[in-house]
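Asker: Provide a 3D model corresponding to the input given below.
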Amino acid sequence: MLTATLCFDRLHAVPIDPPPVQHASRWTVVVPFFNECALIGSTLASLAAQDVPFHLILVDNGSTDGGGAVAAAVCRQLGMAFTLLVEPRPGKINALAAGVAQVRSGYVATCDADTLYPPDYLRQAGYLLDGGAVAAGACFVPADATARDHRRASRRIACAAAVFPRQCHTGGAGQVFRADALHQVGQFDPQRWGYVLEDHEIMHRVARVGRIAYAGAFRCTPSSRDRDRASIRWTLIERLAYHFAMGSGRDWFFYTFLARRLAARQLTSDRIRERPFQGPSDASLQPRSTVATSERLAA
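Answerer: Numbers count the residues shown, from 1 in each chain. Below you'll find the predicted structure:
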């Protein structure tokens, strides 16, 4: 048993692999975050306005800005039922794996801490999963998008999905899954895939067991803040190879071709955590244990 001195009410340390969350909602929302105290409050407020019930799992990936305390305080203020986990191993893939391991609802949404979600986000996602899809992806639209912008975004994602129906056409901020399908394929697994582009790799595996759906009415708004992501993007050659690898060739693309190239560029999952004022994470200085701290609050 670990001890904790974090500033959360009734916070206590628990052993590795705490008991799964039990709740009645058919939706669980998993929000991994690292140093997002400036933006996570707005994200949580948008989730609190959802018009269907859900349980919230927050996964603090070792924040140093007090983001965990901010998130917990916002949830209490909004009256949200939530679970707060601390995953000390750096990398979004580790945080996602820790959060999804606690899911016992039928549907799960992975959301980013710098993204805004309209009140019907989960309801629109539910229509797609209820229709037989095992996963779905949202359109990304800016906060000031007009009706015309929405129609364009809808057409773009519809065309992409029609041409490449088994591929990922949206980022992890806008992905939802049938939980049974996600667990069937091994969910997020840092041993299988410890690199960036985990949103594409997980959709590749989920597509083995069913259909991926997209719809213009299913949308969200990522933050408009400046991002320096040139160092973690895939190259044109890699993108073209992704689009044209078919069938079993998609396994070769991810686990032989792309994995080797990302490893050579040191594009591990923790690189997503970098900010302009921060250097790459030093994994040798990070704790090796899995999730160690949990708080549960009933709204």
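Asker: Where do the strands of the stretch 151-299 of the chain begin and end?
Answerer: 175-178, 212-222, 293-297 (DSSP state E, counting those that start in this stretch).
Asker: Also the stretch 1-150 of the chain?
Answerer: So, for the stretch 1-150 of the chain - with DSSP E, counting those that start in this stretch - the strands run 12-13, 27-33, 55-60, 82-86, 107-110, 115-116, 135-140.
Asker: relative to strand 55-60, how tilted is the second one?
Answerer: What it means is strand 27-33. For strand 27-33 against strand 55-60, the angle between stretch directions is 10 degrees (axes from the mean of the first three to the mean of the last three CA atoms, to 10 degrees).
Asker: between the strands of the stretch 1-150 of the chain, which gets nearest to Arg219?
Answerer: With distances scored as CB to CB, the stretch of the strands of the stretch 1-150 of the chain nearest to Arg219 is strand 135-140 (4.2 Å). Using the backbone N, CA and C atoms, a C-beta is placed for each residue, glycine as well.
Asker: thought Phe177 was touching Ser105?
Answerer: No: in this structure Phe177 lies outside contact range of Ser105 using CB atoms under 8 Å: 10.8 Å.
Asker: Relative to Gly216, how far out is Arg208?
Answerer: 26 Å (CB to CB, to the nearest Å).
Asker: centroid residue for this structure?
Answerer: Closest to where the C-alpha atoms of the chain average out (CA atoms, centre = their mean) is Thr110, at 3.7 Å.
Asker: Quick check, it in contact with Trp27.
Answerer: No: the pair Thr110 / Trp27 is not scored as a contact, 11.9 Å apart, by CB under 8 Å.
Asker: low-scoring stretches of this protein, by residue?
Answerer: Applying pLDDT under 70 to the chain flags residues 1-24, 225-232, 273-299.
Asker: Would you map the helices across it?
Answerer: 40-48, 67-78, 92-100, 121-130, 147-163, 179-184, 198-206, 236-244, 249-252, 259-264 (DSSP state H).
Asker: In CSV: those helices, plus mean neighbour count.
Answerer: Output for these, formatted as CSV (neighbours: other CB atoms under 10 Å):
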stretch, mean neighbour count
helix 40-48, 20
helix 67-78, 20
helix 92-100, 26
helix 121-130, 20
helix 147-163, 14
helix 179-184, 17
helix 198-206, 22
helix 236-244, 13
helix 249-252, 14
helix 259-264, 14
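Asker: As CSV, those with distance to His169 would be great.
Answerer: As requested, those are exported to CSV (distance: least, CB to CB, whole Å):
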stretch, distance to His169
helix 40-48, 22
helix 67-78, 29
helix 92-100, 19
helix 121-130, 13
helix 147-163, 5
helix 179-184, 18
helix 198-206, 9
helix 236-244, 11
helix 249-252, 15
helix 259-264, 20
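Asker: Which among these is found nearest to Ile272?
Answerer: helix 92-100 (5.1 Å).
Asker: Please name the nearest non-neighbouring residue to Cys168.
Answerer: Once flanking residues are discounted, Cys168 sits nearest to Met203: 3.8 Å by CB to CB, 6 or more residues apart in numbering.
Asker: Ala161 now?
Answerer: Tyr214 (4.6 Å).
Asker: Tally up the residues packed near the one you found, please.
Answerer: If you count neighbours by other CB atoms under 10 Å, Tyr214 ends up with 23.
Asker: List the contacts of it.
Answerer: Leu128, Ala136, Gly137, Ala138, Cys139, Ile157, Ala158, Ala160, Ala161, His169, Thr170 (CB atoms under 8 Å, 6 or more residues apart in numbering).
Asker: Widest-spaced pair of those residues?
Answerer: So, the contacts of Tyr214 by CB to CB: farthest apart are Leu128 and Ala160, at 15.6 Å.
Asker: Look up how far Arg260 lies from the residue nearest to Ala207 when sequence neighbours are not counted.
Answerer: Once flanking residues are discounted, Ala207 sits nearest to Arg166: 4.3 Å by CB to CB, 6+ apart. Look at Arg166 and Arg260: by CB to CB, they are 23 Å apart.
Asker: Which of the helices of the chain sits closest to Asn61?
Answerer: Closest of these to Asn61 is helix 92-100, at 4.2 Å (criterion: CB to CB).
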